[in-house]
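*Asks:* okay, predicted coordinates and the sequence, questions at the end:
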Amino acid sequence: MELRGLEAEQAEEVSKQKKVTEEQWRAEQERSHVAFTGAIKTKKLDELRDIAAALRLPETGLKAELLQRIVQFFDDQPELKKN
């Protein structure tokens, strides 16, 4: 039983460390004002996830779902669109 408890504690610690790392990455993304260029439809999944994170949108889902979410965000806020 002690082994299972130790494994559970280690798994919890790894989960906490991962969450801290993700939060640090998000904080860095918020501090940097990155301009994304190029056509949104040509972006790869990782690039769409970066854009979604920068816009504080959910980063999960298929490429088509991320693309739709990002396009909808800009459709809802046309003042953010630039050529």
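*Replies:* Now that the structure is in, tell me what you want to look at. What you are looking at is a predicted structure, and each value in this text was computed from that prediction instead of being measured. Residues are numbered from 1 along each chain as shown.

*Asks:* low-scoring stretches of the protein, by residue?
*Replies:* By pLDDT under 70, the low-scoring segments of the chain are 1-3, 20, 25-34, 81-83.

*Asks:* what segments of it are helices?
*Replies:* Applying DSSP state H to the chain gives helices spanning 2-31, 45-54, 63-76.

*Asks:* hey, which of the ones you listed is tucked in deepest?
*Replies:* Most buried of the helices of the chain by mean neighbour count (mean count of other Cβ atoms under 10 Å) is helix 45-54; its value is a mean of 17. For the C-beta atoms, the positions are set from N, CA and C on the backbone; glycine is no exception.

*Asks:* how much does that one deviate in direction from helix 63-76?
*Replies:* Here helix 45-54 runs at an angle of 40 degrees relative to helix 63-76 (axes from the mean of the first three to the mean of the last three Cα atoms, to 10 degrees).

*Asks:* counting contacts, what elements does helix 45-54 pack onto?
*Replies:* In terms of contacts (3 or more Cβ pairs under 8 Å, 6 or more residues apart in numbering; DSSP states H and E), helix 45-54 is packed against helix 2-31, helix 63-76.

*Asks:* out of these, which gets nearest to residue 57?
*Replies:* Among the helices and strands packed on helix 45-54, the nearest to residue 57 by Cβ to Cβ is helix 63-76 (5.4 Å).

*Asks:* what does the closest one contact?
*Replies:* With Cβ atoms under 8 Å, 6 or more residues apart in numbering as the test, helix 63-76 has contacts from 40-41, 43-45, 48-49, 51-52, 55, 57-59, 61, 80-81.

*Asks:* out of these, which is nearest to residue 12?
*Replies:* Among the contacts of helix 63-76, and counting by Cβ to Cβ, the member closest to residue 12 is residue 59, at 23.2 Å.

*Asks:* let me see the contact set for the closest one.
*Replies:* Residue 59 sits next to 49, 52-53, 66 when contact means Cβ under 8 Å, 6+ apart.

*Asks:* fine by me, we can end here.
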